[in-house]
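Asker: Based on what follows, work out the 3D shape:
(one chain, ligands or ions: 1)
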Amino acid sequence: MNCNNWINNAEVEPKSGEYMDVTSPSTGEAIGKCAVSNSADVEAAIAGASSAFPAWSGLTMKARAGIMLKFYSLVKAHADTLAECIVKENGKNITEGLADVAKGLETVEYAISLPQVAQGKSLTVSRGINCTDTRRPLGVVAAIVPFNFPFMVPMWTVPISLVLGNTVVLKPSEKCPMTLNLVRDLIVEAGFPAGVWQMVNGTRECCEALIDSPLVKAVSFVGSSPIAKSVSVRCHGLNKRVIALGGAKNHLIALKDADLEGTTRDVVASFAGASGQRCMAASVLLVVGENDELINNIVQRAGELKLGTDKGEMGPVIDGHSFKKINSYLEASEASGAKLLLDGRSKEVPKNGGNWIGPTVILHEKGSDKALHDEIFGPVLSILKVKTWQDAIAIENANPFGNAACIYTSKGGSADWFTQRFMAGMLGVNIGIPVPREPFAFGGLYGTLSKYGDGDITGEGAIEFFSTRIKITTRWPVPVEEEFEPEAPLSD
Ligand code: NAD
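Answerer: Down below sits the predicted model:
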């Protein structure tokens, strides 16, 4: 499949003439080509989006939501095809591919409901004087997305910003551009006018041209922390609205009274699901007190997971770079004296040539091990035993990321103690992937490596982010001849 650009509802080859291979994580073979756009390609996409803005923003919000509703039905009808493409280009298994589509549809649903929740406000402030706080779209919005959820993450930004009246230029991940390539036909069939939803493929040059364009009024970015930070700094230098979600290092804490079976199942699903390539994945398990039974159960259960994308429970990681990076953390951990209770490198792999590595559980001796601190983004769980609750919370709060954290316990008071102290944006009690559902916003804590910029990418905060408020004060004095009797004056 050739992933060209999508400009004004037509497939357009890049002016650069450049393409890069899209490779299968399962086999390492080239399965498609992705355009590598230059700034001229980006300018063409932005110009089309800018021309489409007046007519699109001139429609009622209800009319825009109606088109989004059609899009929703079309995605539902094509969910299997989209999920199969996610399996092919991203390496998820089919259940995870379908979940990627289903989760993406949740924000489409929220976007469809915006006419019910995104109104302005009005108040009579004095006799004959009204103040109205109206909501207006911003103009052209850019969305730059990562590889790990080829459908869901783009759906965080595009539907909400479109229903609010913006036009969008979306930059898919160059590692997984094929799923969005399939969405193009659905954009036309749903009835989005030309220019409203554009897509340009490419890498750094393309992203920087998008950010720098004066016609782009806001940028949403999701990806690794160093790039999230650079996007945020670049946008702020241009006085541009930006939300940039970065990486994660999520800590789970297990107390002695945690339910053994439930905790085991949940911790394994959290660290090994999607091969650990989720910003919500468990990275570190802090076991408070002696609880070898829990550790043994986790190792046993994770060891039973079958690799594979068709009938398997866990797929490969995205590319050779990621594979090498994960291996380097396993080697460094061994060298520092940590014990690999489960070594994914020795797991039998279903196909040759891909980036396969099995679930891995490391028991650390030293709190300074790099694997305990850096984002690895693979199916690796680092376990550290700690003596007290205070030790556990101190370790969690000292980590520079602030995406998610979870406490496993059977006591409500203990759960409260931790949830009041955790320094992360999304907290779980007995749930290792505590993703808030709409209308609650997804995202980590500002001031950490997990979140830069302003506002929220989904939920109520996204309504504020993707629109601006204009205040209108009007005076319409009642004509004297219509005043039948004097009224009591309104007073402040
Ligand atoms: P990445 O940072 O390598 O790439 C993300 C996007 O940024 C891609 O589309 C890429 O083309 C683009 N890009 C590259 N250079 C750029 C530049 N200089 N300026 C602007 N954009 C640039 O991330 P990835 O490997 O695709 O995805 C994995 C990362 O995403 C992990 O760190 C993961 O934690 C993070 N992630 C975070 C969340 C969250 O909600 N916090 C969600 C999903 C993924």
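Asker: got the contact list for M280?
Answerer: Listed by C-beta atoms under 8 Å, 6 or more residues apart in numbering, the contact partners of M280 are A248, N250, S270, N403, A404, M426, I433, P434, V435. C-beta coordinates here come from the backbone N, C-alpha and C atoms, glycine included.
Asker: Give me the neighbour count for the last one.
Answerer: Put plainly, it is V435. V435 has 15 neighbours, counted by other C-beta atoms under 10 Å.
Asker: Likewise for the first one?
Answerer: Other residues near A248 number 27, with proximity taken as other C-beta under 10 Å.
Asker: Any figure for the gap between the closest residue to it other than its chain neighbours and I433?
Answerer: Nearest non-adjacent residue to A248, counting by C-beta to C-beta, 6 or more residues apart in numbering: N403, 3.6 Å away. If you measure N403 against I433 using C-beta to C-beta, to the nearest Å, the figure is 11 Å.
Asker: For the two, indicate the residue with more neighbours.
Answerer: Each of N403 and I433 has its neighbours counted (other C-beta under 10 Å); N403 has more, 28 against 19.
Asker: count of residues packed around M1?
Answerer: For M1, the count of nearby residues is 15 (other C-beta under 10 Å).
Asker: What pLDDT is listed against it?
Answerer: Note on M1: pLDDT of 90.
Asker: Would you check that it makes contact with M178?
Answerer: Yes. M1 lies in contact with M178 (C-beta atoms under 8 Å); the separation is 5.3 Å.
Asker: intersection of neighbour lists for these two?
Answerer: Shared contacts of M1 and M178, defined by C-beta under 8 Å, 6+ apart, are found at V22, I31, G32.
Asker: which of these has the most neighbours?
Answerer: In those, the most neighbours by other C-beta under 10 Å go to V22, 23 neighbours.
Asker: Which elements pack onto the helix or strand where that residue lies?
Answerer: For V22, the host element (DSSP states H and E) is strand 19-23. Packing partners of strand 19-23 (3 or more C-beta pairs under 8 Å, 6 or more residues apart in numbering; DSSP states H and E): strand 30-35.
Asker: The strand it packs on packs against which elements?
Answerer: Judged by 3+ C-beta pairs under 8 Å, 6+ apart, the packing partners of strand 30-35 are strand 2-3, strand 19-23, helix 79-90.
Asker: what sits up against it?
Answerer: 1-5, 13-14, 16, 18-24, 41, 88-89, 174, 177-178, 200-202.
Asker: one more time with 6 Å
Answerer: Contacts to strand 30-35, defined as C-beta atoms under 6 Å, 6 or more residues apart in numbering, come from residues 1-5, 14, 19-24, 174, 177-178, 201.
Asker: among those residues, which are within reach of the ligand?
Answerer: Counting by C-beta under 6 Å from any ligand atom, E174 from those sit close to the ligand.
Asker: tell me which parts of the protein are close to the ligand?
Answerer: Contact residues (C-beta under 6 Å from any ligand atom) of the chain with the ligand: 144-148, 153, 171, 173-174, 203-204, 207-208, 222-224, 227, 230-231, 245-248, 279, 375, 377, 403, 444, 450.
Asker: List only those of those residues flagged as buried.
Answerer: 144-148, 153, 171, 173-174, 207-208, 222-223, 227, 230-231, 245-248, 279, 375, 377, 403, 444, 450 (16 or more other C-beta atoms under 10 Å).
Asker: Excluding chain neighbours, what is closest to the residue in the stretch 51-200 of the chain positioned nearest to the ligand?
Answerer: Scanning the stretch 51-200 of the chain for the residue nearest the ligand gives P146, at 3.0 Å (criterion: C-beta to the nearest ligand atom). Leaving out its chain neighbours, the residue that sits closest to P146 by C-beta to C-beta, 6+ apart is G223, at 4.4 Å.
Asker: Give me the phi and psi angles of the one you found.
Answerer: The phi and psi torsions at G223 (degrees, to the nearest 10) take the values phi 170, psi -150.
Asker: Okay, it and S450: tell me how far apart.
Answerer: As judged by C-beta to C-beta, G223 and S450 stand 12 Å apart.
Asker: Over to L260?
Answerer: Distance from L260 to S450, counting by C-beta to C-beta: 30 Å.
Asker: Kindly report the same for T167.
Answerer: From T167 across to S450, the span is 29 Å (C-beta to C-beta).
Asker: M20 too?
Answerer: Shown here: M20 relative to S450, a distance of 29 Å by C-beta to C-beta.
Asker: Please apply the same query to G195.
Answerer: Applying C-beta to C-beta to G195 and S450 gives a distance of 34 Å.
Asker: got it, and L123?
Answerer: Counting by C-beta to C-beta - L123 and S450 are separated by 38 Å.
Asker: Check E84 too.
Answerer: Remark: distance between E84 and S450 (C-beta to C-beta) = 31 Å.
Asker: for A10, same thing?
Answerer: 38 Å.
Asker: ranges for the helices of the stretch 151-300 of the chain?
Answerer: Using DSSP state H, counting those that start in this stretch, the helices of the stretch 151-300 of the chain run over residues 152-163, 178-190, 204-212, 225-237, 260-272, 292-303.
Asker: can you pull the contacts of the residue in the stretch 251-400 of the chain positioned nearest to the ligand?
Answerer: Nearest residue of the stretch 251-400 of the chain to the ligand (C-beta to the nearest ligand atom) works out as C279 at 3.3 Å. Residues near C279 by C-beta under 6 Å, 6+ apart: A248, N403.
Asker: let's see 10 Å
Answerer: Contacts for C279 (C-beta atoms under 10 Å, 6 or more residues apart in numbering) come out as 146, 148-149, 153, 222-224, 245-250, 375, 377, 401, 403-404, 426, 435, 442-444, 450.
Asker: now, which of the contacts of M280 sits nearest E96?
Answerer: Closest to E96 out of these is I433 (12.1 Å), distances taken as C-beta to C-beta.
Asker: The closest residue to A218 other than its chain neighbours and the ligand, how far apart?
Answerer: Distances taken as C-beta to C-beta, 6+ apart put R241 closest to A218, at 4.0 Å, once the chain neighbours are dropped. In this structure, R241 and the ligand are 16 Å apart, going by C-beta to the nearest ligand atom, to the nearest Å.
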